[in-house]
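Q: below are the sequence and a predicted model for it; my questions follow.
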Amino acid sequence: MPKLARTLYDKLWDAHVVRAEADGTVLLYIDRHLVHEVTSPQAYEGLRLAGRRPWRTGSIVATADHNTPTTDWDDGIRDPISRTQVETLDANIGATGAKAYFPFRDKRQGIVHVIGPEQGATLPGMTVVCGDSHTSTHGAFAALAFGIGTSEVEHVLATQCLLTRKAKSMRVRADGRLPAGVTAKDLALAVIGRIGTAGGTGHAIEFSGSAVEALSMEGRMTLCNMAIEAGARAGMVAVDDKTIEYLRGRPFAPAPELWDRAVAQWRALASDDGASFDEVVALDASALAPQVTWGTSPEMVVSIEGRVPDPDRERDAARREGLERALTYMGLAPNTPMTDVHVDKVFIGSCTNSRIEDLRAAAAVARGRRVASSVRQALVVPGSGLVKAQAEREGLDRIFRDAGFEWREPGCSMCLAMNDDRLEPGERCASTSNRNFEGRQGAGGRTHLVSPAMAAAAAIMGHFVDVRRLA
Amino acid sequence: MEPFLTLTGLVAPIDRANVDTDAIIPKQFLKSIKRSGFGPNLFDAWRYLDHGEPGMDNATRRINPDFVLNEPRYRGAQVLLARRNFGCGSSREHAPWALADYGFRALIAPSYADIFFNNCYKNGLLPIVLSESQVDLLFGAVNAFPGFKLTIDLERQQVAAPDESMVFHFDAEPFRKHCLLHGLDDIGLTLQHADAVRAFEARRLAEQPWLI
Ligand code: SF4
């Protein structure tokens, strides 16, 4: 009898089931546990109170990223509450151990979702969890990667497993070539615009098609990163040569004597021909233009050639009210062309777009130009210390500084504004991050999500512009 | 964890879709290393007119009179009625901690974001899914009748108005339901299978030694 065709998600799932309850609840084994300072203290405390120890410290890779400042590192962390949280992580890892810990100021420190792949700590076939919703990023390596809450962090620490249930499967197929100037970020935003922020709820999404295959690993990470903004539990991409080449020689990648064996196993990590999905969404990548969000949810997005929508055209009363509320918060008038929207600040960074390729794309736009005088602040925050060092070797920091951008230390920074980097009430920002929720980048702040090249272009012009017209 | 059996509680409505966890508990409160004390900052940016920071005396802050939970008729509410995709965004468990600390024991909405939904169960907070039309009916009733209460019976998987004018059935996964009904600690349950985990792990690490 021929074997049943399985999806990549099926394969990853099946390989980690320790046992199953009658109702479908499964004990799922976790290979990699990423830990950061915000969602772990209560978990370690719970463990301690119960007299338990981490089950397998070799699975843990930890760093401090959400609270850390991006300037004046010699002064330490000035905010005492933030400092306590980071010191609590130091103490917890110090007391119980980890495979690797990159504390504040370590040269490999950075955003947890940037350093995992960078260190080769995220590998194909793994289950990867973290107390952070953007754990979906790691699915770019054909890993089953998803965010969990703090109780689950404690559960994984204590048992190396999670109690969970299988999601439904969705394939998002993007075929055709992304036009020049249109990136993985634009593709991600277009997908969310299409299916909505709850479109992927209850599903694990596999991204496929020629446009996805053509993406670099950085681009695939950007795409999987945003899967959570479509509501999906996980995003993933099959293994190919790019996956394998990206990992070769990374610090925690398989040792040379194990490499070929690992690669042979990884090659099987793709959906079988004929595997069926619960949902399929198809997109023509060649028809996409750069995207900009206009509202307070990532699904509120249009092409740069578009306009702010008009609530009067919305027939559904609840939706109309939602649009009106978003426009009021964003301070935008209906039907305004997106290219007429001016920005006060620009943020290039976050686990969505702070990798070397993102910084190169932004620098290519910034080179030889100046940030518009109307822009109060334009920040470039590399995703990790190693990304920063690489960018400096390539001279990108000079390009940015010469253009009037601030070149910062790595961390989450203005993606969520837990440190000093934030929007003031009413300020409008072109941001390469992933969430434009009310107050996300600072109370009263107004966020427009864009790609790194589009953010750099907005910084130069002082308003949104189709980056393809700047070339 | 406190068991959840039945509850008769006052219902408060939040009439907007896609309420995200940043709205439920803003990031500045995530700096705490505790699990408790988030209630006064639930929906902070909507609830107060001034900007909240950890350590402030919330009793002296300016209340937003237009925010629904500040209306006297909803004081002491234990059931939160919401719209679709409630709890989307960040995985912060501080969101259910804040809801529970405020006094909510159950939520009713047409849908929730996955991680938030999980996090609720871990904290004795019951996230009930009803259809859009049932939720519409409940919004109508809450708005029309001050003091509107609902009785929630987890064992029977039922939400009912006290006069039984509305009785709705809801789904609950048997395993989660069992844990919540008995207030069972997941970790203790899983550790009963420690041998199975150890055996699985030994096999896996032998097959893929690079995972060690
Ligand atoms: S960069 Fe932003 S989205 Fe990513 S982990 Fe940090 S705070 Fe979360």
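A: Happy to help now that I have it. Numbers count the residues shown, from 1 in each chain, chains lettered A, B, ... in the order given.

Q: and stretch A:403-420, which residues are buried?
A: Buried residues in stretch A:403-420, counted by 16 or more other CB atoms under 10 Å in any protein chain shown: A:403-419. (Each C-beta comes from the backbone N, C-alpha and C, glycine too.)

Q: within reach of the ligand, which of the residues you listed are there?
A: A:412, A:415, A:416 (CB under 6 Å from any ligand atom).

Q: of the residues you listed, list those near chain B.
A: By CB under 8 Å from any CB of the partner chain, the members of these lying near chain B are residue A:416.

Q: residue A:51 in helix, strand or coil?
A: Recorded secondary structure, residue A:51: coil (DSSP: H, G, I helix; E, B strand; the rest coil).

Q: count of neighbours near it?
A: Number of residues near residue A:51 (other CB atoms under 10 Å in any protein chain shown) recorded here: 6.

Q: of the buried residues of stretch A:403-420, which belong to helices?
A: residue A:403 (DSSP state H).

Q: contacts for the lengthiest strand in chain A, please.
A: For chain A, the strand with the greatest residue count under DSSP state E is strand A:168-175. Residues from elsewhere that reach strand A:168-175 (CB atoms under 8 Å, 6 or more residues apart in numbering or on different chains): A:7, A:9-10, A:187, A:191, A:200, A:202-212, A:232, A:271, A:277-285.

Q: show me which residues of the stretch 151-300 of chain A sit near chain B.
A: Going by CB under 8 Å from any CB, the residues of the stretch 151-300 of chain A near chain B are A:151-152, A:154-155, A:158-161, A:163-165, A:167, A:197-198, A:201-202, A:231, A:233, A:253-255, A:258, A:262, A:265, A:297.

Q: list the contacts for residue B:90?
A: By CB under 8 Å, 6+ apart, the neighbours of residue B:90 are A:132, A:133, A:416, A:435, B:20, B:21, B:22.

Q: one more pass at 6 Å, please.
A: Neighbouring residues of residue B:90 by CB atoms under 6 Å, 6 or more residues apart in numbering or on different chains: A:133, B:21.

Q: give me the buried positions along the lengthiest strand in chain B.
A: Taking DSSP E as the criterion, chain B has its longest strand at strand B:6-14. Within strand B:6-14, the residues scored as buried using 16+ other CB under 10 Å are B:7, B:9, B:10, B:11, B:12, B:13, B:14.

Q: state the pLDDT value of residue A:286.
A: pLDDT, residue A:286: 98.

Q: and residue B:152, by the same measure?
A: 98.

Q: just the C-alpha atoms of the host helix or strand of it, please, in PDB.
A: In this assignment (DSSP states H and E), residue B:152 forms part of strand B:149-153. Taking C-alpha atoms only, strand B:149-153 is exported to PDB below (Å, rounded to 0.1, in the frame of the first residue of the first chain):
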ATOM      1  CA  LYS B 149     -25.800  38.000  34.500                       C
ATOM      2  CA  LEU B 150     -25.000  34.700  33.000                       C
ATOM      3  CA  THR B 151     -24.600  31.300  34.600                       C
ATOM      4  CA  ILE B 152     -21.800  29.200  33.200                       C
ATOM      5  CA  ASP B 153     -21.700  25.500  33.800                       C
END
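
Q: so what touches that strand?
A: B:6, B:7, B:8, B:10, B:11, B:79, B:106, B:159, B:160, B:162.

Q: in TSV, list these along with pLDDT and distance to residue A:46.
A: As requested, the contacts of strand B:149-153 are exported to TSV (pLDDT from 0 to 100; distance: CB to CB, whole Å):
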residue	pLDDT	distance to residue A:46
B:6	95	28
B:7	96	25
B:8	97	31
B:10	98	31
B:11	98	32
B:79	98	27
B:106	98	24
B:159	98	31
B:160	97	35
B:162	87	37
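
Q: residue of the stretch 151-300 of chain A closest to the ligand, please.
A: Proximity of the stretch 151-300 of chain A to the ligand (CB to the nearest ligand atom) peaks at residue A:225, 7.6 Å away.

Q: what count of nearby residues applies to that residue?
A: Neighbour count for residue A:225, taken as other CB under 10 Å: 28.

Q: mind checking the SS state of it?
A: Assigned by three-state DSSP, the conformation of residue A:225 is helix.

Q: swap in the one 4 residues further on?
A: For residue A:229, the reduced secondary structure class is helix; criterion used: three-state DSSP.

Q: the ligand contacts on the stretch 201-350 of chain A?
A: Going by CB under 6 Å from any ligand atom, the residues of the stretch 201-350 of chain A near the ligand are residue A:350.

Q: strands along the stretch 201-350 of chain A, start to end?
A: For the stretch 201-350 of chain A, the strands defined by DSSP state E, counting those that start in this stretch occupy A:203-208, A:234-236, A:279-284, A:291-293, A:301-303, A:345-348.

Q: in a markdown table: those, plus distance to residue A:106 and mean neighbour count.
A: Compiled in a markdown table, the strands of the stretch 201-350 of chain A are given as follows (distance: least, CB to CB, whole Å; neighbours: other CB atoms under 10 Å in any protein chain shown):
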| stretch | distance to residue A:106 | mean neighbour count |
| --- | --- | --- |
| strand A:203-208 | 32 | 27 |
| strand A:234-236 | 28 | 30 |
| strand A:279-284 | 40 | 14 |
| strand A:291-293 | 34 | 26 |
| strand A:301-303 | 36 | 21 |
| strand A:345-348 | 23 | 30 |
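
Q: mind listing what's buried in stretch A:48-64?
A: The neighbour-count check on stretch A:48-64 (16+ other CB under 10 Å) flags A:52, A:54, A:55, A:56, A:58, A:59, A:60, A:61, A:62, A:63, A:64 as buried.

Q: can you give me the end-to-end span of it?
A: 21 Å (CA to CA, to the nearest Å).

Q: for stretch A:29-43, same thing?
A: Terminal-residue distance, stretch A:29-43 (CA to CA): 18 Å.

Q: would it count as contacting the ligand?
A: No - judged by CB under 6 Å from any ligand atom, stretch A:29-43 makes no contact with the ligand; its nearest approach is 7.5 Å.

Q: OK, contacts around the closest residue to residue A:384 other than its chain neighbours?
A: Closest residue to residue A:384 apart from its sequence neighbours, by CB to CB, 6 or more residues apart in numbering or on different chains: residue A:110 at 2.5 Å. Taking CB under 6 Å, 6+ apart as the contact definition, residue A:110 lies against A:383, A:384, A:385, A:410.

Q: and the residue of the stretch 301-450 of chain A found nearest chain B, what's its pLDDT?
A: Per CB to the nearest CB, residue A:437 is where the stretch 301-450 of chain A lies closest to chain B, at 4.6 Å. Model confidence at residue A:437, given as pLDDT, is 96.

Q: for it, give me its contacts.
A: By CB under 6 Å, 6+ apart, residue A:437 lies in contact with A:296, B:20, B:22.

Q: quick one, what contacts the second one?
A: It refers to residue B:20. A:437, B:88, B:89.

Q: please apply the same query to residue A:36.
A: A:65, A:112.

Q: how about residue B:49, nearest residue that isn't a chain neighbour?
A: That would be residue B:62: by CB to CB, 6+ apart, it lies 4.1 Å from residue B:49.

Q: test my guess that the one you found contacts residue B:47.
A: No - Residue B:62 lies out of contact with residue B:47 (CB atoms under 6 Å); the separation is 10.1 Å.

Q: helix, strand, or coil at residue A:429?
A: strand.

Q: grab the nearest non-local neighbour of it.
A: Residue A:429 sits nearest to residue A:345 (CB to CB, 6+ apart), 4.4 Å away.

Q: again with residue A:344
A: residue A:427 (4.4 Å).

Q: I'd say residue B:94 and residue B:25 touch.
A: Yes - in terms of CB under 6 Å, residue B:94 counts as a neighbour of residue B:25; the distance is 4.7 Å.

Q: with that, I have no additional questions.
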